[in-house]
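S.K.: Pasting the sequence and the predicted coordinates here, then a few questions.
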Amino acid sequence: MIRYILRRLLWVVFLLFAVSLITFVIFYLLPSADPAALRAGRQPNPALVESIRHQLGLDQPWYVQYGRYMKNLVFHFDFGFSYQNGVPVRQLIFSRLPASISLAAGAAVLWLVVGIGVGVIAAVRPRTKLDRASMGLALVGISAPVYWLGLVALYLFSADIGLIPILPGANSYVPLSEDPAAWFTSLIMPWCVLAVSFAAFYSRLLRGNLTEVLSEDYIRTARAKGLSERRVVFRHGLRSAITPIVTIFGLDLGILLGGAILTETVFNIPGIGRLSYASIVRSDLPVIQGTVLLGAFFIVFANLLVDIFYAFLDPRVRYQ
Amino acid sequence: MSTGVPRLVEPSSGLTAADPLEFGAIASRTPWQLFWRNFKKDRVAIAGLIFIVLLVAAAIAAPLITKLVGASPPNLINTDALDSFGTPTGPSSEHLFGVDPLGRDVLSRTLYGARVSLEVALISTALATLIGVVLGLVAGFFRGWVDSGISRLMDVLLAFPALLLALGLAAACSLGDGCAVSTPLQVVGLATIVIGLLGGALALVRGRREMVGASLAVVGFGLVFLVLGSVFTITIEPGAGVVIFVITLVSWTYISRIVRGQVLSLREKEFVEASRSLGASDARIVFKEILPNLIVPIIVYATLILPTNILLEAALSFLGAGVQPPNASWGAMIAEATSVFDTAWWYMLVPGLALLFTVLAFNVVGDGLSDALNPRQEG
């Protein structure tokens, strides 16, 4: 088991290295705005641009720049400085991370509860009106673009412009450390909007798995020996039907921790997603590099955790 | 029955003495007929299919429809359509779905937006399917180092935050004159040829004759890339081209994984074994034995990634990295609506609903397809 985990860890390190290299090459080679010119202000004179270029090390060949970047990252955990305003990228990321984690974690709780609940209800009453209605609604939920749902929710419920003004709208995010109550109410709408498509997807997946499992022989046996239906469904059925959900949940959460760009944009939540989006618009390579690496880190580690989880459950995986 | 085939006795209907089996009435059905029989029972899927057909027709006939309903052309800026405060006016007889902040007709912009949405999604899905099928086939059929190589490549691609990668590439290619991809293509081609030759040499040294075919396939890939990169000067233009490229890049892995898995199990089946023992070549086995059995899952999964690709295109446009203004696309319209949606609700609602219904229709049809093709999972 230890050998398996070590081997996977090594692969994770390689993956992150590959991601950093590819990101660097993409944004170095592809035409994009000149960061030195951006930094130099409205009416840059060529000498100033040249000196900024030298100062940022942009006059060196790309492999020298990349080597220096990696050296600082590996030995000092230093992501460099934003081209835009000279703030350390590490500081930028850590200041934005709480918002993204708040958003992802709250939405995750919501979509797990709703998704699993609806999935189980639909699976134990297959082919009823309730089943068809909830699965139809779930398909609508999967099809709705999250940013549009966000706008509709704001139009309907936000305190400033909503038809039924009951919830704080966009721009209302408050950090948890400042005011927990305001933090909670400001995130209710983003959580619900973000959770819709995930809850819909999970409920459909779980319903499919659970109906299949409930038709297996061992479920019939469990019923035959007189177990209550509740015990059959939850203890025997759900336990095996939920494994794929665990995998997908790990991956989804990993992706969202790296920033929910669309949801953060609509509700103007200062998270990693908005940071990375802004950095791409401004060709701010150190920030792009930092946020891509952070996102890749979450994704790869979520994958790793899911794989280890499986390896614990199923010894065959370890020897592949 | 519309297929014109004599009706088969349903297995569920009980046979009585008065209803003797008529052997003449039993006809063989092609898989296609069996599929259609299942599919057309699914009313929701049929409704989705009708919606898609109408949408495609509307997209093609967009100029005609705009003329018929008397709407102004999609990019015509008309400040007369704004009210005296300069805010857009809502639905009226002149502009059925209202106008946007520049006074452009929302109906005709939505119709032209459908063109972009469908074009980008269809082309990128087709490309992703093609790449996914070829790489999945090669990986699953030859296994060994080719398989590991392709899997590792997918691992690297999947480690990227997909939307961020797409956004970054699209943004970088949308600035300036676009991305010149000829040199990268040449480099990738050369590297692939070298890998293929090395692998082939290794296979010969180790006496593993069966891997020589795989090496040749890899060399062939490399040659295709090299020739493409050398003969044509390929520049990915800002706009639809970039979006298609980016969406293809992030969606082929899905098809490839499915195809690889199917090929791994198909290649061990008796009929492949039989063909091989008769002396069939690798090429014959791949194209005549395995590929025909893959058509159904390929169609199903292509239909399932299509709506995802529509959403991805809209998301990229929403973030400003898609089709460039003034051309209309649904995502960009929703983005423009963000600043005025409290007064001009129609500008947010119309493209949003168009997007929702389109994606829903494709999802419903994809669902119906997979149900009709895998009757076991009926439910």
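M.R.: Everything's here; your move.

S.K.: Excluding sequence neighbours, find me the nearest residue to B:Val250.
M.R.: Nearest residue to B:Val250 in three dimensions, chain neighbours excluded: B:Ala162, at 4.7 Å (C-beta to C-beta, 6 or more residues apart in numbering or on different chains). C-beta coordinates here come from the backbone N, C-alpha and C atoms, glycine included.

S.K.: From the structure, what's the count of residues near that neighbour?
M.R.: B:Ala162: 19 surrounding residues under other C-beta atoms under 10 Å in any protein chain shown.

S.K.: what does the average pLDDT come to for the helix or strand hosting A:Ala311?
M.R.: Here A:Ala311 sits within helix A:285-313, counting by DSSP states H and E. Across helix A:285-313, pLDDT averages out at 89.

S.K.: can you pull the buried residues of it?
M.R.: A:285-304, A:306-308, A:311 (16 or more other C-beta atoms under 10 Å in any protein chain shown).

S.K.: ditto for stretch B:274-286
M.R.: Those would be B:Ser275, B:Asp282, B:Ile285, B:Val286, for stretch B:274-286 by 16+ other C-beta under 10 Å.

S.K.: same thing with stretch B:347-364?
M.R.: Neighbour-count burial for stretch B:347-364 [16+ other C-beta under 10 Å]: B:347-352, B:354-364.

S.K.: So which of those residues belong to strands?
M.R.: Using DSSP state E, no member of these falls in strands.

S.K.: residue contacts, the closest residue in space to A:Phe297 that isn't next to it in sequence?
M.R.: Nearest residue to A:Phe297 in three dimensions, chain neighbours excluded: A:Leu16, at 6.3 Å (C-beta to C-beta, 6+ apart). Counting by C-beta atoms under 8 Å, 6 or more residues apart in numbering or on different chains, A:Leu16 makes contact with A:Leu293, A:Ala296, A:Phe297, A:Val300, B:Ala159.

S.K.: The first one touches A:Ile22, doesn't it?
M.R.: No. A:Leu293 is not in contact with A:Ile22 according to C-beta atoms under 8 Å; the separation is 11.0 Å.

S.K.: For B:Ala139, which residues are in contact?
M.R.: Here B:Ala139 is in contact with B:Val146, B:Asp147, B:Ile150, B:Ser151, B:Ser256, B:Arg260, B:Val263 (C-beta under 8 Å, 6+ apart).

S.K.: make it 7 Å
M.R.: B:Val146, B:Asp147, B:Ile150, B:Ser151, B:Arg260 (C-beta atoms under 7 Å, 6 or more residues apart in numbering or on different chains).

S.K.: go on, B:Pro351?
M.R.: B:Thr110, B:Gly113, B:Trp330, B:Met333, B:Ile334.

S.K.: Relative to A:Val266, which of those is nearest.
M.R.: B:Ile334 (9.6 Å; C-beta to C-beta).

S.K.: The host helix or strand of B:Gly168 - contacts with which helices or strands?
M.R.: If you go by DSSP H and E, B:Gly168 is part of helix B:162-174. Packed against helix B:162-174, as judged by 3 or more C-beta pairs under 7 Å, 6 or more residues apart in numbering or on different chains; DSSP states H and E, are the following elements: helix A:2-29, helix A:272-281, helix A:285-313, helix B:240-266, helix B:291-318.

S.K.: State the distance from A:Phe77 to A:Pro88.
M.R.: 11 Å (C-beta to C-beta, to the nearest Å).

S.K.: between the helix holding B:Gly168 and helix A:285-313, how many degrees?
M.R.: Helix B:162-174 and helix A:285-313 are oriented at 150 degrees to each other (axes from the mean of the first three to the mean of the last three C-alpha atoms, to 10 degrees).

S.K.: how far does the helix holding A:Ala311 sit from the chain's center?
M.R.: Here helix A:285-313 is found 10 Å from its chain centre; the criterion is C-alpha atoms, centre = their mean, to the nearest Å.

S.K.: from the buried residues of stretch B:347-364, which ones fall inside helices?
M.R.: B:347-352, B:354-364 (DSSP state H).

S.K.: and residue 272, what is it in contact with?
M.R.: Just so you know, I chose chain A. Taking C-beta under 7 Å, 6+ apart, one finds A:Ile93, A:Arg96, A:Leu97, A:Ser100, A:Gly258, A:Gly259, A:Thr291, A:Leu294 in contact with A:Ile272.

S.K.: wrong chain, I was asking about chain B
M.R.: Per C-beta under 7 Å, 6+ apart, neighbours of B:Val272: B:Leu266, B:Ile285, B:Glu289, B:Ile290.

S.K.: my read is it is in a helix, agree?
M.R.: Yes. Judged by DSSP: H, G, I helix; E, B strand; the rest coil, B:Val272 forms part of a helix.

S.K.: gap between it and chain A?
M.R.: 24 Å (C-beta to the nearest C-beta, to the nearest Å).

S.K.: B:Ala217 touches B:Val138, doesn't it?
M.R.: Yes. Counting by C-beta atoms under 7 Å, B:Val138 is a contact partner of B:Ala217 at 5.5 Å.

S.K.: Which one's more surrounded, those two?
M.R.: B:Val138 (25 against 20).

S.K.: Would you confirm that the more buried one contacts B:Asp147?
M.R.: No. Assessed by C-beta under 7 Å, B:Val138 is found out of contact with B:Asp147, at 8.1 Å.

S.K.: What does the pLDDT read for the residue of the stretch 151-300 of chain B found nearest chain A?
M.R.: Proximity of the stretch 151-300 of chain B to chain A (C-beta to the nearest C-beta) peaks at B:Pro161, 3.4 Å away. With respect to pLDDT, B:Pro161 has a value of 89.

S.K.: Run a quick neighbour tally on it.
M.R.: So B:Pro161, with other C-beta under 10 Å, has 29 neighbours.
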